[in-house]
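Novice: Predicted model follows, preceded by the sequence.
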Amino acid sequence: MIELYGVSKKYGQFREALYDVSFRIASGEFVFLTGPSGAGKSTLLRLLFLEEEPTEGQILVNGRNIGVLPDSQVPYLRRTMGVVFQDFKLIARKTIFENISFVQNVLGLARAEQKRRAYHVLKRVGLQHQMNAFPDELSGGEQQRVAIARAIVNEPTLLLADEPTGNLDPVLSEEIMRLFVEINIRGTTVLVATHDLELIRRMGKRTLTLERGRLHDPDRPREIAPIVREAPFLPVS
Amino acid sequence: MAVRPRYVFSEAWSVARSSPRQTIAAIALIAVALYVPGLLALLSRNLGRLAVSEAGDAPSVVVTLQPETDARALATRLAQDGRIRTVRIVGSEAALARFRRAYPDIGAALSDLKEAPFPPSLEVILKPSAARGTAIEIAGTARQWQGVESAESEEEFARRFRDAVRLVRSAGLFLGAVLTLAAILSVASAVRLALDLHREEVGIMRLMGATEGAIRAPFWLYATAEGLIGGSLALGLLYGTFRLAAHWLSRNPHPVLAIFWTSFLSAPTALILPAAGAAAGLAGSLLSLGRKHARQATRIA
(Lines give C-alpha, C1' and ligand atoms only; values in the text may rest on other atoms or scores of the structure.)
Protein backbone atom coordinates (compact mmCIF):
# COMPACT_ATOMS: atom_id res chain seq x y z
CA MET A 1 0.00 0.00 0.00
CA ILE A 2 2.60 2.55 1.12
CA GLU A 3 6.31 2.03 0.47
CA LEU A 4 9.02 4.51 1.26
CA TYR A 5 12.57 3.96 0.01
CA GLY A 6 15.35 6.13 1.36
CA VAL A 7 13.16 9.17 1.66
CA SER A 8 14.79 12.39 2.84
CA LYS A 9 13.39 15.86 3.06
CA LYS A 10 15.51 18.94 3.52
CA TYR A 11 14.36 22.52 3.98
CA GLY A 12 17.10 24.75 2.74
CA GLN A 13 20.64 23.52 2.93
CA PHE A 14 20.88 22.48 6.55
CA ARG A 15 17.44 21.71 8.02
CA GLU A 16 16.83 18.03 7.59
CA ALA A 17 13.23 17.10 8.43
CA LEU A 18 13.54 13.47 7.30
CA TYR A 19 16.60 11.39 6.64
CA ASP A 20 16.72 8.07 4.78
CA VAL A 21 13.28 6.89 5.87
CA SER A 22 12.17 3.53 4.51
CA PHE A 23 9.16 1.43 5.50
CA ARG A 24 6.21 -0.50 4.13
CA ILE A 25 2.61 -0.42 5.20
CA ALA A 26 0.48 -3.21 3.81
CA SER A 27 -3.01 -2.71 2.47
CA GLY A 28 -5.59 -2.79 5.27
CA GLU A 29 -3.03 -2.13 8.03
CA PHE A 30 -3.53 0.28 10.94
CA VAL A 31 -0.26 2.00 11.78
CA PHE A 32 0.69 4.71 14.22
CA LEU A 33 3.45 7.16 13.40
CA THR A 34 4.87 8.66 16.54
CA GLY A 35 7.73 10.71 17.83
CA PRO A 36 8.30 13.95 19.68
CA SER A 37 7.32 17.32 18.24
CA GLY A 38 9.56 18.20 15.30
CA ALA A 39 10.46 14.57 14.65
CA GLY A 40 9.09 14.76 11.09
CA LYS A 41 5.67 13.12 11.46
CA SER A 42 3.74 15.90 9.72
CA THR A 43 6.42 16.24 7.05
CA LEU A 44 6.08 12.54 6.28
CA LEU A 45 2.31 12.83 5.96
CA ARG A 46 2.69 15.90 3.75
CA LEU A 47 4.93 13.88 1.46
CA LEU A 48 2.29 11.15 1.30
CA PHE A 49 -0.52 13.44 0.24
CA LEU A 50 1.81 15.32 -2.08
CA GLU A 51 1.76 18.59 -0.30
CA GLU A 52 5.52 18.40 -0.63
CA GLU A 53 8.05 16.39 -2.58
CA PRO A 54 10.94 14.45 -1.07
CA THR A 55 14.46 15.73 -1.60
CA GLU A 56 15.61 12.14 -2.11
CA GLY A 57 14.06 8.70 -2.35
CA GLN A 58 10.85 7.29 -3.70
CA ILE A 59 7.34 6.98 -2.31
CA LEU A 60 5.03 4.35 -3.72
CA VAL A 61 1.32 4.33 -3.03
CA ASN A 62 -0.53 1.32 -4.40
CA GLY A 63 2.62 0.43 -6.32
CA ARG A 64 2.79 3.77 -8.10
CA ASN A 65 5.66 6.18 -7.71
CA ILE A 66 3.85 9.35 -6.68
CA GLY A 67 7.01 11.39 -7.21
CA VAL A 68 6.57 11.20 -10.99
CA LEU A 69 2.91 12.17 -10.99
CA PRO A 70 2.26 15.28 -13.08
CA ASP A 71 0.62 18.19 -11.21
CA SER A 72 -2.61 17.69 -13.13
CA GLN A 73 -2.99 14.18 -11.69
CA VAL A 74 -2.40 15.14 -8.06
CA PRO A 75 -6.09 15.93 -7.33
CA TYR A 76 -7.12 12.50 -8.61
CA LEU A 77 -4.60 10.80 -6.33
CA ARG A 78 -5.83 12.88 -3.40
CA ARG A 79 -9.36 11.68 -4.02
CA THR A 80 -8.17 8.16 -3.26
CA MET A 81 -6.93 9.37 0.13
CA GLY A 82 -8.69 10.83 3.11
CA VAL A 83 -6.82 13.30 5.31
CA VAL A 84 -7.73 14.32 8.86
CA PHE A 85 -5.99 17.15 10.69
CA GLN A 86 -5.63 18.23 14.29
CA ASP A 87 -7.38 21.52 13.51
CA PHE A 88 -10.18 19.78 11.53
CA LYS A 89 -9.87 22.15 8.54
CA LEU A 90 -13.59 22.52 7.99
CA ILE A 91 -14.85 25.39 5.83
CA ALA A 92 -16.62 27.69 8.30
CA ARG A 93 -19.06 29.25 5.82
CA LYS A 94 -20.32 25.89 4.59
CA THR A 95 -22.73 23.58 6.35
CA ILE A 96 -21.65 20.13 7.48
CA PHE A 97 -23.39 18.63 4.44
CA GLU A 98 -21.61 21.07 2.10
CA ASN A 99 -18.26 20.40 3.76
CA ILE A 100 -18.68 16.69 3.27
CA SER A 101 -20.10 16.68 -0.23
CA PHE A 102 -17.75 19.34 -1.63
CA VAL A 103 -15.97 17.16 -4.17
CA GLN A 104 -19.18 15.50 -5.31
CA ASN A 105 -20.70 18.96 -5.71
CA VAL A 106 -17.79 20.15 -7.84
CA LEU A 107 -18.10 17.08 -10.01
CA GLY A 108 -21.82 17.54 -10.48
CA LEU A 109 -23.08 14.48 -8.62
CA ALA A 110 -26.86 14.62 -8.22
CA ARG A 111 -27.83 16.40 -5.01
CA ALA A 112 -29.93 13.49 -3.86
CA GLU A 113 -26.94 11.18 -4.19
CA GLN A 114 -24.71 13.71 -2.40
CA LYS A 115 -27.21 13.78 0.47
CA ARG A 116 -27.46 10.02 0.57
CA ARG A 117 -23.69 9.66 0.82
CA ALA A 118 -23.32 12.47 3.34
CA TYR A 119 -26.06 11.02 5.51
CA HIS A 120 -24.45 7.61 5.31
CA VAL A 121 -21.00 8.79 6.46
CA LEU A 122 -22.43 11.14 9.07
CA LYS A 123 -24.41 8.23 10.47
CA ARG A 124 -21.18 6.29 10.78
CA VAL A 125 -19.74 9.05 12.96
CA GLY A 126 -23.03 9.62 14.78
CA LEU A 127 -23.76 13.11 13.44
CA GLN A 128 -26.51 12.49 10.88
CA HIS A 129 -28.73 15.00 12.69
CA GLN A 130 -26.19 17.81 12.15
CA MET A 131 -26.27 17.90 8.34
CA ASN A 132 -27.40 21.52 8.18
CA ALA A 133 -25.35 22.87 11.07
CA PHE A 134 -22.27 25.00 10.58
CA PRO A 135 -18.87 23.90 11.96
CA ASP A 136 -18.88 26.68 14.58
CA GLU A 137 -22.06 25.24 16.08
CA LEU A 138 -20.36 21.93 16.88
CA SER A 139 -18.00 20.92 19.67
CA GLY A 140 -14.36 20.05 18.95
CA GLY A 141 -15.06 16.33 19.08
CA GLU A 142 -18.01 16.69 16.73
CA GLN A 143 -15.96 18.80 14.31
CA GLN A 144 -13.30 16.13 14.25
CA ARG A 145 -15.93 13.49 13.53
CA VAL A 146 -17.19 15.63 10.65
CA ALA A 147 -13.61 15.89 9.38
CA ILE A 148 -13.39 12.09 9.50
CA ALA A 149 -16.72 11.76 7.71
CA ARG A 150 -15.45 14.11 5.01
CA ALA A 151 -12.24 12.09 4.73
CA ILE A 152 -14.08 8.82 4.16
CA VAL A 153 -16.99 10.02 2.01
CA ASN A 154 -15.09 9.20 -1.19
CA GLU A 155 -14.35 5.73 0.20
CA PRO A 156 -10.59 6.22 0.15
CA THR A 157 -8.18 3.31 0.18
CA LEU A 158 -5.88 5.22 2.51
CA LEU A 159 -6.71 7.41 5.49
CA LEU A 160 -4.03 9.74 6.84
CA ALA A 161 -4.51 11.52 10.15
CA ASP A 162 -2.16 14.15 11.54
CA GLU A 163 -2.54 14.46 15.33
CA PRO A 164 -6.30 13.93 15.04
CA THR A 165 -6.77 13.89 18.81
CA GLY A 166 -4.36 16.71 19.59
CA ASN A 167 -7.17 19.12 20.46
CA LEU A 168 -9.43 16.60 22.19
CA ASP A 169 -9.76 15.28 25.73
CA PRO A 170 -8.96 11.61 26.46
CA VAL A 171 -12.59 10.46 26.24
CA LEU A 172 -13.10 12.08 22.83
CA SER A 173 -9.69 10.81 21.69
CA GLU A 174 -10.77 7.31 22.53
CA GLU A 175 -13.98 7.83 20.56
CA ILE A 176 -12.12 9.13 17.50
CA MET A 177 -9.72 6.20 17.63
CA ARG A 178 -12.62 3.78 17.76
CA LEU A 179 -13.88 5.39 14.56
CA PHE A 180 -10.51 4.93 12.89
CA VAL A 181 -10.47 1.28 13.89
CA GLU A 182 -13.96 0.84 12.50
CA ILE A 183 -12.92 2.43 9.23
CA ASN A 184 -9.85 0.21 9.16
CA ILE A 185 -11.95 -2.90 9.73
CA ARG A 186 -13.93 -2.03 6.60
CA GLY A 187 -10.70 -2.25 4.58
CA THR A 188 -9.18 1.23 4.57
CA THR A 189 -5.49 1.49 5.37
CA VAL A 190 -5.03 3.93 8.24
CA LEU A 191 -1.90 5.86 9.18
CA VAL A 192 -2.25 8.03 12.27
CA ALA A 193 0.47 10.44 13.36
CA THR A 194 0.35 11.16 17.09
CA HIS A 195 2.65 11.79 19.99
CA ASP A 196 0.13 10.41 22.47
CA LEU A 197 2.02 7.30 23.61
CA GLU A 198 -0.66 6.33 26.09
CA LEU A 199 -3.22 6.19 23.29
CA ILE A 200 -0.87 4.11 21.14
CA ARG A 201 -0.27 1.72 24.03
CA ARG A 202 -3.99 1.25 24.56
CA MET A 203 -4.66 0.64 20.85
CA GLY A 204 -1.90 -1.95 20.51
CA LYS A 205 -1.22 -1.36 16.81
CA ARG A 206 2.00 -1.35 14.81
CA THR A 207 3.98 1.79 15.49
CA LEU A 208 6.62 3.62 13.45
CA THR A 209 8.76 5.93 15.53
CA LEU A 210 10.48 8.99 14.14
CA GLU A 211 13.19 10.81 15.98
CA ARG A 212 14.89 13.85 14.52
CA GLY A 213 13.78 12.75 11.08
CA ARG A 214 15.13 9.21 11.38
CA LEU A 215 12.98 6.13 11.59
CA HIS A 216 13.37 3.57 14.32
CA ASP A 217 11.66 0.66 12.67
CA PRO A 218 12.73 -2.97 12.62
CA ASP A 219 11.14 -3.93 9.31
CA ARG A 220 13.07 -1.62 7.02
CA PRO A 221 13.36 -3.13 3.50
CA ARG A 222 16.85 -4.37 2.73
CA GLU A 223 16.79 -3.45 -0.93
CA ILE A 224 16.03 -0.07 -2.32
CA ALA A 225 13.54 -0.54 -5.12
CA PRO A 226 14.38 0.79 -8.58
CA ILE A 227 12.67 4.01 -9.62
CA VAL A 228 9.15 3.11 -10.59
CA ARG A 229 7.75 5.10 -13.47
CA GLU A 230 4.21 4.11 -14.16
CA ALA A 231 1.28 5.59 -15.92
CA PRO A 232 -0.28 8.40 -13.91
CA PHE A 233 -3.47 7.84 -12.01
CA LEU A 234 -6.56 7.82 -14.12
CA PRO A 235 -9.29 10.27 -13.15
CA VAL A 236 -11.64 8.82 -10.60
CA SER A 237 -15.28 9.07 -11.52
CA MET B 1 -13.32 16.22 -15.66
CA ALA B 2 -15.84 19.04 -16.09
CA VAL B 3 -16.65 21.35 -13.21
CA ARG B 4 -20.31 21.85 -12.41
CA PRO B 5 -21.45 25.33 -13.58
CA ARG B 6 -23.80 25.74 -10.61
CA TYR B 7 -20.88 25.21 -8.27
CA VAL B 8 -18.79 27.82 -10.14
CA PHE B 9 -21.60 30.40 -9.99
CA SER B 10 -22.36 29.82 -6.31
CA GLU B 11 -18.68 30.00 -5.35
CA ALA B 12 -18.16 33.16 -7.44
CA TRP B 13 -21.10 34.76 -5.64
CA SER B 14 -19.62 33.73 -2.33
CA VAL B 15 -16.26 35.27 -3.33
CA ALA B 16 -18.02 38.53 -4.21
CA ARG B 17 -19.89 38.58 -0.90
CA SER B 18 -16.77 37.91 1.11
CA SER B 19 -15.19 41.26 0.16
CA PRO B 20 -18.07 43.57 -0.84
CA ARG B 21 -16.11 46.82 -0.49
CA GLN B 22 -13.32 45.66 -2.76
CA THR B 23 -15.84 44.28 -5.23
CA ILE B 24 -17.71 47.60 -5.35
CA ALA B 25 -14.45 49.56 -5.60
CA ALA B 26 -13.23 47.41 -8.48
CA ILE B 27 -16.57 47.74 -10.31
CA ALA B 28 -16.54 51.51 -9.78
CA LEU B 29 -13.00 51.83 -11.06
CA ILE B 30 -13.79 49.78 -14.15
CA ALA B 31 -16.88 51.92 -14.75
CA VAL B 32 -14.86 55.14 -14.53
CA ALA B 33 -12.02 53.65 -16.56
CA LEU B 34 -14.39 52.82 -19.40
CA TYR B 35 -16.68 55.85 -19.03
CA VAL B 36 -13.90 58.35 -19.80
CA PRO B 37 -12.77 56.81 -23.12
CA GLY B 38 -16.44 56.13 -23.91
CA LEU B 39 -17.19 59.82 -23.47
CA LEU B 40 -14.30 60.79 -25.73
CA ALA B 41 -15.48 58.25 -28.30
CA LEU B 42 -18.94 59.82 -28.19
CA LEU B 43 -17.53 63.32 -28.65
CA SER B 44 -15.20 62.30 -31.45
CA ARG B 45 -18.05 60.46 -33.17
CA ASN B 46 -20.20 63.59 -33.19
CA LEU B 47 -17.29 65.76 -34.24
CA GLY B 48 -16.39 63.27 -36.93
CA ARG B 49 -19.87 63.55 -38.39
CA LEU B 50 -19.00 67.10 -39.38
CA ALA B 51 -15.88 65.98 -41.20
CA VAL B 52 -17.89 63.70 -43.45
CA SER B 53 -20.97 65.10 -45.08
CA GLU B 54 -24.15 63.13 -45.57
CA ALA B 55 -23.31 62.54 -49.21
CA GLY B 56 -19.94 61.10 -48.30
CA ASP B 57 -16.81 63.22 -48.71
CA ALA B 58 -16.27 66.59 -47.13
CA PRO B 59 -16.11 69.43 -49.68
CA SER B 60 -12.80 71.16 -50.30
CA VAL B 61 -14.40 74.37 -51.60
CA VAL B 62 -17.79 75.84 -50.75
CA VAL B 63 -19.06 78.41 -53.23
CA THR B 64 -21.97 80.43 -51.83
CA LEU B 65 -24.21 81.85 -54.55
CA GLN B 66 -26.45 84.87 -54.80
CA PRO B 67 -30.13 83.84 -54.67
CA GLU B 68 -30.86 84.44 -58.35
CA THR B 69 -27.75 82.78 -59.74
CA ASP B 70 -28.11 79.79 -62.09
CA ALA B 71 -26.45 77.17 -59.88
CA ARG B 72 -26.43 74.50 -62.59
CA ALA B 73 -24.52 76.70 -65.07
CA LEU B 74 -21.89 77.56 -62.49
CA ALA B 75 -21.59 73.93 -61.44
CA THR B 76 -21.01 72.90 -65.06
CA ARG B 77 -18.37 75.57 -65.40
CA LEU B 78 -16.59 74.37 -62.27
CA ALA B 79 -16.79 70.71 -63.30
CA GLN B 80 -14.73 71.46 -66.40
CA ASP B 81 -11.65 71.74 -64.17
CA GLY B 82 -9.84 68.39 -64.44
CA ARG B 83 -8.80 68.47 -60.78
CA ILE B 84 -12.42 68.43 -59.59
CA ARG B 85 -14.18 65.13 -59.01
CA THR B 86 -17.70 66.29 -58.12
CA VAL B 87 -19.67 69.48 -57.81
CA ARG B 88 -22.73 69.23 -55.56
CA ILE B 89 -25.56 71.73 -55.82
CA VAL B 90 -27.10 72.44 -52.40
CA GLY B 91 -30.27 74.52 -52.66
CA SER B 92 -31.63 76.67 -49.80
CA GLU B 93 -34.28 74.10 -48.87
CA ALA B 94 -31.82 71.22 -49.04
CA ALA B 95 -29.37 73.12 -46.78
CA LEU B 96 -32.12 73.79 -44.24
CA ALA B 97 -33.29 70.17 -44.35
CA ARG B 98 -29.74 68.98 -43.82
CA PHE B 99 -29.30 71.31 -40.85
CA ARG B 100 -32.55 70.11 -39.29
CA ARG B 101 -31.51 66.50 -39.68
CA ALA B 102 -28.10 67.12 -38.14
CA TYR B 103 -29.35 69.34 -35.31
CA PRO B 104 -33.00 68.57 -34.68
CA ASP B 105 -33.26 70.69 -31.55
CA ILE B 106 -31.76 73.83 -33.07
CA GLY B 107 -33.35 73.13 -36.44
CA ALA B 108 -36.81 73.27 -34.90
CA ALA B 109 -36.14 76.87 -33.87
CA LEU B 110 -35.73 77.81 -37.54
CA SER B 111 -39.12 76.47 -38.61
CA ASP B 112 -40.89 79.79 -38.00
CA LEU B 113 -38.70 81.76 -40.38
CA LYS B 114 -40.50 83.12 -43.46
CA GLU B 115 -37.55 82.69 -45.82
CA ALA B 116 -34.82 80.09 -46.11
CA PRO B 117 -31.90 81.15 -43.92
CA PHE B 118 -29.30 79.34 -46.01
CA PRO B 119 -28.31 80.63 -49.47
CA PRO B 120 -27.78 78.11 -52.29
CA SER B 121 -24.24 76.83 -52.59
CA LEU B 122 -21.96 74.56 -54.57
CA GLU B 123 -19.79 72.01 -52.83
CA VAL B 124 -16.65 71.14 -54.73
CA ILE B 125 -14.94 67.84 -54.06
CA LEU B 126 -11.45 67.44 -55.46
CA LYS B 127 -9.88 64.34 -56.91
CA PRO B 128 -7.53 62.61 -54.48
CA SER B 129 -4.65 63.33 -56.89
CA ALA B 130 -5.22 67.08 -56.65
CA ALA B 131 -2.17 68.94 -55.34
CA ARG B 132 -2.19 70.79 -52.06
CA GLY B 133 -3.36 74.37 -52.55
CA THR B 134 -5.72 73.45 -55.41
CA ALA B 135 -8.77 74.28 -53.29
CA ILE B 136 -7.41 77.76 -52.51
CA GLU B 137 -6.74 78.34 -56.18
CA ILE B 138 -10.23 77.20 -57.27
CA ALA B 139 -11.86 79.30 -54.55
CA GLY B 140 -9.86 82.34 -55.71
CA THR B 141 -10.97 81.83 -59.29
CA ALA B 142 -14.64 81.26 -58.38
CA ARG B 143 -14.71 84.44 -56.31
CA GLN B 144 -14.19 86.41 -59.55
CA TRP B 145 -17.28 84.94 -61.21
CA GLN B 146 -20.56 86.73 -61.45
CA GLY B 147 -23.30 85.49 -59.13
CA VAL B 148 -20.83 84.18 -56.57
CA GLU B 149 -21.34 85.64 -53.11
CA SER B 150 -18.27 84.04 -51.64
CA ALA B 151 -15.96 81.07 -52.22
CA GLU B 152 -14.01 79.54 -49.36
CA SER B 153 -11.42 76.86 -49.36
CA GLU B 154 -12.24 74.30 -46.68
CA GLU B 155 -9.03 72.41 -47.28
CA GLU B 156 -7.04 73.87 -44.39
CA PHE B 157 -10.02 73.86 -42.05
CA ALA B 158 -10.89 70.29 -43.00
CA ARG B 159 -7.31 69.22 -42.38
CA ARG B 160 -7.22 70.90 -38.96
CA PHE B 161 -10.63 69.55 -38.12
CA ARG B 162 -9.61 66.01 -39.02
CA ASP B 163 -6.48 66.48 -36.91
CA ALA B 164 -8.62 67.65 -33.99
CA VAL B 165 -10.93 64.66 -34.29
CA ARG B 166 -7.92 62.38 -34.53
CA LEU B 167 -6.47 64.02 -31.41
CA VAL B 168 -9.69 63.47 -29.46
CA ARG B 169 -9.75 59.83 -30.57
CA SER B 170 -6.11 59.31 -29.70
CA ALA B 171 -6.62 60.94 -26.30
CA GLY B 172 -9.58 58.61 -25.78
CA LEU B 173 -7.52 55.59 -26.72
CA PHE B 174 -4.59 56.66 -24.56
CA LEU B 175 -6.75 57.47 -21.55
CA GLY B 176 -8.69 54.30 -22.17
CA ALA B 177 -5.51 52.23 -22.21
CA VAL B 178 -4.15 53.84 -19.03
CA LEU B 179 -7.45 53.60 -17.17
CA THR B 180 -8.08 50.05 -18.37
CA LEU B 181 -4.66 49.08 -17.07
CA ALA B 182 -5.60 50.65 -13.74
CA ALA B 183 -8.88 48.72 -13.83
CA ILE B 184 -7.06 45.46 -14.54
CA LEU B 185 -4.74 46.08 -11.60
CA SER B 186 -7.72 46.96 -9.43
CA VAL B 187 -9.49 43.72 -10.35
CA ALA B 188 -6.25 41.82 -9.79
CA SER B 189 -5.94 43.25 -6.29
CA ALA B 190 -9.63 42.55 -5.56
CA VAL B 191 -9.14 38.94 -6.68
CA ARG B 192 -5.93 38.68 -4.66
CA LEU B 193 -7.72 39.95 -1.58
CA ALA B 194 -10.62 37.54 -2.11
CA LEU B 195 -8.06 34.81 -2.56
CA ASP B 196 -6.38 35.74 0.71
CA LEU B 197 -9.74 35.56 2.45
CA HIS B 198 -10.31 32.11 0.95
CA ARG B 199 -6.73 30.86 1.23
CA GLU B 200 -7.50 28.30 3.88
CA GLU B 201 -10.54 27.08 1.99
CA VAL B 202 -8.51 26.75 -1.18
CA GLY B 203 -6.00 24.64 0.74
CA ILE B 204 -8.78 22.41 2.07
CA MET B 205 -10.31 22.08 -1.39
CA ARG B 206 -6.94 20.98 -2.75
CA LEU B 207 -6.58 18.39 -0.01
CA MET B 208 -9.99 17.03 -0.89
CA GLY B 209 -8.93 16.61 -4.49
CA ALA B 210 -10.33 19.72 -6.16
CA THR B 211 -8.68 20.38 -9.52
CA GLU B 212 -7.05 23.70 -10.40
CA GLY B 213 -9.96 24.45 -12.71
CA ALA B 214 -12.47 23.93 -9.91
CA ILE B 215 -10.48 26.21 -7.61
CA ARG B 216 -9.80 28.97 -10.13
CA ALA B 217 -13.02 28.99 -12.15
CA PRO B 218 -15.06 30.85 -9.47
CA PHE B 219 -12.36 33.55 -9.26
CA TRP B 220 -12.27 33.88 -13.06
CA LEU B 221 -16.03 34.18 -13.16
CA TYR B 222 -16.07 36.64 -10.26
CA ALA B 223 -13.54 38.93 -11.96
CA THR B 224 -15.13 38.66 -15.40
CA ALA B 225 -18.56 39.45 -13.97
CA GLU B 226 -17.05 42.35 -12.05
CA GLY B 227 -15.63 43.72 -15.33
CA LEU B 228 -18.87 43.11 -17.20
CA ILE B 229 -20.90 44.95 -14.58
CA GLY B 230 -18.35 47.79 -14.52
CA GLY B 231 -18.45 48.06 -18.33
CA SER B 232 -22.25 47.96 -18.38
CA LEU B 233 -22.33 50.63 -15.69
CA ALA B 234 -19.99 52.78 -17.80
CA LEU B 235 -22.33 52.35 -20.77
CA GLY B 236 -25.34 53.25 -18.63
CA LEU B 237 -23.57 56.32 -17.27
CA LEU B 238 -22.55 57.37 -20.74
CA TYR B 239 -26.09 57.02 -22.06
CA GLY B 240 -27.37 58.91 -19.02
CA THR B 241 -24.90 61.70 -19.69
CA PHE B 242 -25.96 61.82 -23.34
CA ARG B 243 -29.66 61.96 -22.50
CA LEU B 244 -29.06 64.60 -19.86
CA ALA B 245 -27.01 66.76 -22.26
CA ALA B 246 -29.59 66.34 -25.04
CA HIS B 247 -32.37 67.27 -22.63
CA TRP B 248 -30.48 70.34 -21.39
CA LEU B 249 -29.68 71.43 -24.96
CA SER B 250 -33.31 71.07 -26.00
CA ARG B 251 -34.16 73.67 -23.35
CA ASN B 252 -31.06 75.79 -23.81
CA PRO B 253 -30.06 75.49 -27.49
CA HIS B 254 -26.36 76.09 -28.06
CA PRO B 255 -24.90 76.03 -31.58
CA VAL B 256 -21.49 74.71 -30.54
CA LEU B 257 -22.33 72.36 -27.65
CA ALA B 258 -25.11 70.79 -29.73
CA ILE B 259 -22.49 69.48 -32.14
CA PHE B 260 -21.13 67.14 -29.46
CA TRP B 261 -24.43 65.64 -28.37
CA THR B 262 -26.23 64.89 -31.62
CA SER B 263 -26.25 61.11 -31.64
CA PHE B 264 -25.24 58.27 -29.32
CA LEU B 265 -22.68 55.59 -30.07
CA SER B 266 -23.68 52.89 -32.53
CA ALA B 267 -24.75 49.59 -30.93
CA PRO B 268 -21.54 47.69 -31.85
CA THR B 269 -19.37 50.52 -30.48
CA ALA B 270 -21.47 50.80 -27.32
CA LEU B 271 -21.20 47.06 -26.68
CA ILE B 272 -17.43 47.36 -26.70
CA LEU B 273 -17.65 48.90 -23.20
CA PRO B 274 -19.10 45.86 -21.37
CA ALA B 275 -16.98 43.55 -23.50
CA ALA B 276 -13.84 45.51 -22.64
CA GLY B 277 -14.86 45.47 -18.97
CA ALA B 278 -15.27 41.70 -19.00
CA ALA B 279 -11.93 41.30 -20.77
CA ALA B 280 -10.26 43.61 -18.22
CA GLY B 281 -11.78 41.57 -15.38
CA LEU B 282 -10.60 38.29 -16.83
CA ALA B 283 -7.14 39.73 -17.46
CA GLY B 284 -7.02 40.95 -13.85
CA SER B 285 -7.92 37.54 -12.49
CA LEU B 286 -5.37 35.79 -14.71
CA LEU B 287 -2.76 38.27 -13.55
CA SER B 288 -3.69 37.69 -9.95
CA LEU B 289 -4.00 33.91 -9.94
CA GLY B 290 -0.67 33.45 -11.65
CA ARG B 291 0.62 30.19 -12.98
CA LYS B 292 -0.65 26.79 -12.11
CA HIS B 293 0.66 25.18 -8.94
CA ALA B 294 -1.31 22.12 -8.03
CA ARG B 295 0.78 20.49 -5.33
CA GLN B 296 0.77 22.79 -2.38
CA ALA B 297 -2.55 22.89 -0.65
CA THR B 298 -1.69 26.12 1.10
CA ARG B 299 -0.83 28.01 -2.07
CA ILE B 300 -2.77 28.93 -5.17
CA ALA B 301 -0.13 30.78 -7.13
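Specialist: Cool, got the structure.
Novice: Do a quick rundown of the strands in the chain.
Specialist: Chain wasn't specified; assuming chain A. Secondary structure of chain A (DSSP state E): strands located at A:2-11, A:15-25, A:30-34, A:56-61, A:64-65, A:81-85, A:158-162, A:189-193, A:206-211, A:214-216.
Novice: Chain B was what I was after
Specialist: Assigned by DSSP E, the strands in chain B fall at B:61-65, B:84-90, B:121-126, B:148-153.
Novice: Phi, psi for B:Pro253 please.
Specialist: The phi/psi pair for B:Pro253 (degrees, to the nearest 10) reads phi -60, psi 140.
Novice: Kindly report the same for A:Glu29.
Specialist: Torsion angles, degrees, to the nearest 10, at A:Glu29: phi -80, psi 160.
Novice: and A:Thr80, how far is that from A:Thr165?
Specialist: 24 Å (Cβ to Cβ, to the nearest Å). Every residue, glycine included, has its C-beta placed from N, CA and C.
Novice: any chance you could map the helices in chain A?
Specialist: A:41-48, A:74-78, A:96-100, A:102-107, A:111-124, A:140-152, A:170-185, A:197-203 (DSSP state H).
Novice: Mean neighbour count and mean pLDDT for these - can I get that in CSV?
Specialist: Below are the helices of chain A laid out as CSV (neighbours: other Cβ atoms under 10 Å in any protein chain shown; pLDDT from 0 to 100):
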stretch, mean neighbour count, mean pLDDT
helix A:41-48, 23, 91
helix A:74-78, 23, 87
helix A:96-100, 24, 92
helix A:102-107, 22, 77
helix A:111-124, 16, 89
helix A:140-152, 23, 88
helix A:170-185, 17, 86
helix A:197-203, 14, 87
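Novice: Which among the ones you listed is found nearest to B:Thr262?
Specialist: Among the helices of chain A, helix A:102-107 comes nearest to B:Thr262, with 52.6 Å by Cβ to Cβ.
Novice: Who has more neighbours out of A:Thr80 and A:Thr165?
Specialist: A count of neighbours by other Cβ atoms under 10 Å in any protein chain shown puts A:Thr165 above the other of A:Thr80 and A:Thr165, at 23 against 16.
Novice: which bits of the stretch 51-200 of chain B sit near chain A?
Specialist: B:Glu200 (Cβ under 8 Å from any Cβ of the partner chain).
Novice: Switch the helices of chain A over to TSV; also include distance to B:Ile30.
Specialist: Below are the helices of chain A laid out as TSV (distance: least, Cβ to Cβ, whole Å):
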stretch	distance to B:Ile30
helix A:41-48	40
helix A:74-78	33
helix A:96-100	31
helix A:102-107	29
helix A:111-124	35
helix A:140-152	38
helix A:170-185	49
helix A:197-203	56
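Novice: Those helices: which one's closest to B:Asp163?
Specialist: Across these, closest to B:Asp163 is helix A:102-107 (Cβ to Cβ), at 57.0 Å.
Novice: quick one: contacts for the closest residue to A:Gly57 other than its chain neighbours?
Specialist: Once flanking residues are discounted, A:Gly57 sits nearest to A:Val7: 3.6 Å by Cβ to Cβ, 6 or more residues apart in numbering or on different chains. For A:Val7, the residues meeting the contact criterion (Cβ atoms under 8 Å, 6 or more residues apart in numbering or on different chains) are A:18, A:20-22, A:44, A:47, A:54, A:56-59.
Novice: Wait, B:Ser60 touches B:Leu122, no?
Specialist: No: B:Ser60 sits out of contact with B:Leu122 when judged by Cβ atoms under 8 Å, with a separation of 11.6 Å.
Novice: Now do the end-to-end distance for stretch A:202-213.
Specialist: Length of stretch A:202-213, first residue to last, Cα to Cα, to the nearest Å: 25 Å.
Novice: before we move on, what about stretch A:125-139?
Specialist: Across stretch A:125-139, first to last residue, Cα to Cα, it's 14 Å.
Novice: so how far is A:Asn99 from A:Gly127?
Specialist: Quick fix: residue A:127 is Leu, not Gly. 11 Å.
Novice: Overlap of the contact sets of the two?
Specialist: Listed contacts common to A:Leu127 and A:Asn99 are A:Val146; contacts here mean Cβ under 8 Å, 6+ apart.
Novice: Measure how buried B:Asp81 is and give me the count.
Specialist: 17.
Novice: separation between it and chain A?
Specialist: For B:Asp81, the distance to chain A equals 74 Å [Cβ to the nearest Cβ, to the nearest Å].
Novice: Pretty sure that residue sits against B:Glu137.
Specialist: No: using Cβ under 8 Å, B:Asp81 is not in contact with B:Glu137, being 9.5 Å away.
Novice: Can you name the residues in contact with stretch A:92-102?
Specialist: A:90-91, A:105, A:109, A:114-115, A:117-118, A:121-122, A:127, A:130-136, A:138, A:146, A:149-150, A:153, B:14, B:201, B:205, B:208, B:210.
Novice: next one: it to chain centre, how far?
Specialist: Centroid separation for stretch A:92-102 versus its chain: 19 Å, with Cα atoms, centre = their mean, to the nearest Å.
Novice: List the contacts of B:Asp70.
Specialist: Applying Cβ under 8 Å, 6+ apart, we find B:Asp70 in contact with B:Gly147.
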